[in-house]
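> I need the structure of the sequence given here:
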Amino acid sequence: MSPHTSPLPHDPDTAYVIDPAGGCPHALNARLRAEHGDVAEVVLPGGVPGAVVLGHDALKEFLAHPGAAKDDRHFSALHDGTVPRDWPLRVFANAQGMHTADGEDHRRLRALVGRAFTARQVERLRPRVEQLTAALLDDLDRAAAASPDGVADLREHVALPLPMSVICELLGVDPEHRGRLHHLSDKVIVATDTTPAEAMAAARELVELMGTIAAARRETPGDDLTSALIAAREDGGDRLTEAELIGTMRLMLVAGHETTLNLISNAVRALCTHRDQLALVREGRAGWSDVVDETLRWDGPISWFPFRYPTRDLTVGGTVIARGTPVLAGYTAAGRDGAAHGPDADRFDLTRPTAARHLSFGHGAHYCVGAPLARLEATTALEQLFTRFPDLDLATPEDELPRQRSFIGNSVQALPVRPYPRRDRAAAPGRAAGNR
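Predicted coordinates for the structure are as follows:
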């Protein structure tokens with residue numbers, strides 16, 4: 001071991017015990033970086049020892065390191081009886097699909113999925129994304145007009161249904177399943193304060209519902225990603241197992257809407273509380289893509305994401321992480337790392353030259369395959385929203401918004417906005433009609 005490295009202490013008295021209810025992560029990230037550096041020992045919900053990588057450069061190195069695996073066979077405690085069967089985070093480790101595969105298996109699955117997310121394929125979706133966004137802004141307008149105080153929930157009316165509709169159309173999911181799918185994915189992936197029984201029940205139902213959707217597409221194939229994955233499985237024999245099919249569908253569904261939901265919500269919050277930065281966009285001194293990148297850096301949609309496992313003792317950021325340790329990727333911590341983004345890393349700044357260096361889409365072989373689609377959805381939503389409602393503002397002080405009860409997801413549970421200034425309340429319905 002190098003004299004410049006130190007092992008994790010694996011001391012429950014010094015490890016940070018993760019609060020399953022989560023909350024705003026930024027003060028905690030700053031404290032852990034100050035106390036522990038780039039890597040901190042944590043105790044995961046359920047009393048399972050783990051680690052989180054907090055520094056930007058350390059996380060970038062770790063995400064691309066050949067000695068950091070995604071396959072849970074490298075998580076020995078998961079299989080030797082140390083971790084209980086009802087551990088609520090087991091769903092992240094046990095899932096089979098592109099996100100938990102390594103090497104050739106990962107390349108095979110990613111090649112199948114990646115065909116739907118090339119730049120050309122995503123650009124073909126632009127008219128549909130623009131059409132959906134315009135219709136959802138109509139819904140937001142109507143909801144605000146019907147409200148006594150002119151307020152509507154932007155997450156409910158825009159930020160959630162836009163990416164959910166797009167990914168469900170891509171996967172060939174019938175509309176009647178969409179509400180239940182979001183409820184279940186929130187229970188399984190986002191709401192980390194659920195009981196083990198609730199998490200396992202939701203995970204089982206989500207797998208069953210994915211199976212129902214796959215069966216419908218197998219019976220009636222269409223021009224959708226699920227049908228294409230099924231055809232690849234059947235044509236290639238062993239190219240895609242049933243578990244891989246369901247796991248990949250679940251990944252696409254969850255990652256395809258939960259992260260973009262938070263991204264849009266966080267960007268709107270940032271712009272409403274930094275009107276000077278919104279003015280830069282309106283003056284042409286910054287673009288909507290700059291808003292997306294700076295939001296991803298400054299207040300990314302995912303805070304600490306599970307898991308990777310060192311296949312041997314691994315030195316990361318000067319700290320040795322023991323083989324088999326479940327490691328979280330600290331995306332929100334890396335985004336505000338002053339060593340990478342400057343001493344003002346806590347400031348939301350669209351002119352920041354390092355914004356595009358964020359890691360919120362990952363890095364290395366597992367870089368988010370849906371990143372181009374997320375960018376399209378977010379930039380379209382933000383541009384149309386602030387063009388149609390130039391005076392849109394938060395209806396609740398930002399620090400009073402209810403946070404997601406999660407240490408994985410990073411956003412708010414609701415985002416009440418006022419599309420029109422209070423003095424224009426009486427004129428709003430007429431203005432809205434004129435905009436449609």
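> ranges for the helices of the stretch 251-400 of the chain?
275-282, 288-298, 331-335, 338-341, 371-388 (DSSP state H, counting those that start in this stretch).
> Val412 - how many residues pack around it?
20 (other Cβ atoms under 10 Å). (C-beta placed from N, C-alpha, C; glycine too.)
> hey, what's it bridged with?
With DSSP bridges applied, Val412 shows beta-bridge pairing to Arg403.
> and it, how far is that from Val268?
10 Å (Cβ to Cβ, to the nearest Å).
> swap in His157?
12 Å.
> likewise for Ala68?
According to Cβ to Cβ, Ala68 and Val268 sit 34 Å apart.
> again, but for Arg178
Arg178 is 22 Å from Val268, by Cβ to Cβ.
> so which of these two has more stuff around it?
Val268 (25 against 18).
> tally of neighbours for the residue lying closest to that one once chain neighbours are set aside?
Leaving aside its sequence neighbours, Val268 sits nearest to Leu154 (Cβ to Cβ, 6 or more residues apart in numbering; 6.1 Å). Neighbourhood size, Leu154 [other Cβ under 10 Å]: 30.
> likewise Val316?
Other residues within reach of Val316 by the criterion other Cβ under 10 Å amount to 24.
> so Leu392 touches Phe386, yeah?
Yes: applying Cβ atoms under 8 Å as the test, Leu392 and Phe386 come out as touching, 6.5 Å apart.
> from Glu258, how far out is the residue nearest to Val268?
Going from Leu154 to Glu258 by Cβ to Cβ gives 16 Å.
> in this structure, which spans are strands?
Listed in chain order, the strands of the chain (DSSP state E) span 6-7, 16-17, 39-44, 48-53, 68-69, 152-153, 304-310, 314-316, 319-321, 327-330, 393-394, 416-418.
> so what are the sheet partners of the fourth one and their directions?
Sheet pairing of strand 48-53 (DSSP bridges) gives strand 39-44 (antiparallel), strand 327-330 (parallel).
> which one of those is the most hemmed in?
Ranked by mean neighbour count, the strands paired with strand 48-53 are led by strand 327-330 with a mean of 26 (mean count of other Cβ atoms under 10 Å).
> Asp57: what's it in contact with?
Asp57 makes contact with 38, 317, 337, 339-340, according to Cβ atoms under 8 Å, 6 or more residues apart in numbering.
> let's check: the centremost residue of this protein is which one?
Thr259 (2.9 Å; Cα atoms, centre = their mean).
> not counting sequence-adjacent ones, nearest residue to that one?
Here the residue nearest Thr259, using Cβ to Cβ, 6+ apart, is Pro301, at 4.6 Å.
> right, and the one you found touches Ala267 too?
No: applying Cβ under 8 Å as the test, Pro301 and Ala267 come out as separate, 9.6 Å apart.
> quick check: closest non-adjacent residue to Ala68.
Arg308 (4.5 Å).
> now the one you found: how far from His74?
From Arg308 to His74 the distance is 9 Å (Cβ to Cβ).
> the more surrounded of these two?
Using other Cβ under 10 Å as the criterion, Arg308 and His74 rank with Arg308 on top: 27 against 22.
> quick check: closest non-adjacent residue to His65.
Leu314 (6.8 Å).
> which ones are touching that neighbour?
Applying Cβ under 8 Å, 6+ apart to Leu314 gives the contacts 62, 65, 67-68, 320-321, 323.
> how close does the nearest residue to Lys70 once chain neighbours are set aside sit to Tyr367?
In space, and not counting its chain neighbours, Lys70 is closest to Thr100: 5.0 Å by Cβ to Cβ, 6+ apart. For Thr100, the distance to Tyr367 (Cβ to Cβ) stands at 16 Å.
> more neighbours, those two?
Neighbours were counted for Thr100 and for Tyr367 using other Cβ under 10 Å; Thr100 has more, 22 against 13.
> quick check, pLDDT for that one.
In this model, Thr100 is scored at 89, pLDDT.
> can you check His341 too?
pLDDT, read off for His341, is 96.
> from Leu253, how far off is it?
32 Å.
> would you mind telling me which of the two has more residues around it?
Counted by other Cβ under 10 Å, His341 and Leu253 do not tie: Leu253 has more neighbours, with 28 against 23.
> tell me which residues touch the more buried one, please.
By Cβ under 8 Å, 6+ apart, the neighbours of Leu253 are 167-168, 171, 173, 181, 185, 210.
> how does it look with 10 Å?
164, 167-168, 170-171, 173, 177-178, 181-182, 184-185, 189, 206, 209-210, 213, 226 (Cβ atoms under 10 Å, 6 or more residues apart in numbering).
> could you do Tyr367 as well?
63-64, 110, 359, 361.
> low-confidence ranges, the stretch 201-350 of the chain, go.
233-239 (pLDDT under 70).
> the same query, at a cut-off of 90, please.
201-207, 210, 222-258 (pLDDT under 90).
> what's the neighbour count on the nearest residue to Ala30 once chain neighbours are set aside?
In this structure, Ala30 finds its nearest non-sequential neighbour in Arg336, 7.3 Å apart by Cβ to Cβ, 6+ apart. Residues within reach of Arg336, counting by other Cβ under 10 Å, total 22.
> quick one on the thing from earlier: overlap in contacts, Arg308 and His74.
67-68, 102, 325-326.
> thought Gly23 was touching Thr332, still the case?
No: checked against Cβ atoms under 10 Å, the pair Thr332 and Gly23 is beyond contact range at 11.6 Å.
> shared neighbours of Leu392 and Phe386, which are they?
Contacts common to Leu392 and Phe386, judged by Cβ under 10 Å, 6+ apart, are 268, 271-272, 278.
> could you dump these into JSON lines with distance to Pro49 added?
Below are the shared contacts of Leu392 and Phe386 laid out as JSON lines (distance: Cβ to Cβ, whole Å):
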{"residue": "Val268", "distance to Pro49": "38"}
{"residue": "Leu271", "distance to Pro49": "40"}
{"residue": "Cys272", "distance to Pro49": "40"}
{"residue": "Leu278", "distance to Pro49": "44"}
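> nearest to Asp399, out of those: which one, please.
Cys272 (12.7 Å; Cβ to Cβ).
> ok, that closest one - how many residues close by?
19.
> first vs last residue of stretch 293-311, how far apart are they?
32 Å (Cα to Cα, to the nearest Å).
> now swap in stretch 183-203 and tell me
11 Å.
> in that stretch, what counts as buried?
Of all the residues in stretch 183-203, those buried under the rule 16 or more other Cβ atoms under 10 Å are 184-194, 196, 199-200, 202-203.
> how close does the residue nearest to Leu278 when sequence neighbours are not counted sit to Glu219?
Among residues not flanking Leu278 along the chain, Leu271 sits closest, at 4.5 Å (Cβ to Cβ, 6+ apart). For Leu271, the distance to Glu219 (Cβ to Cβ) stands at 45 Å.
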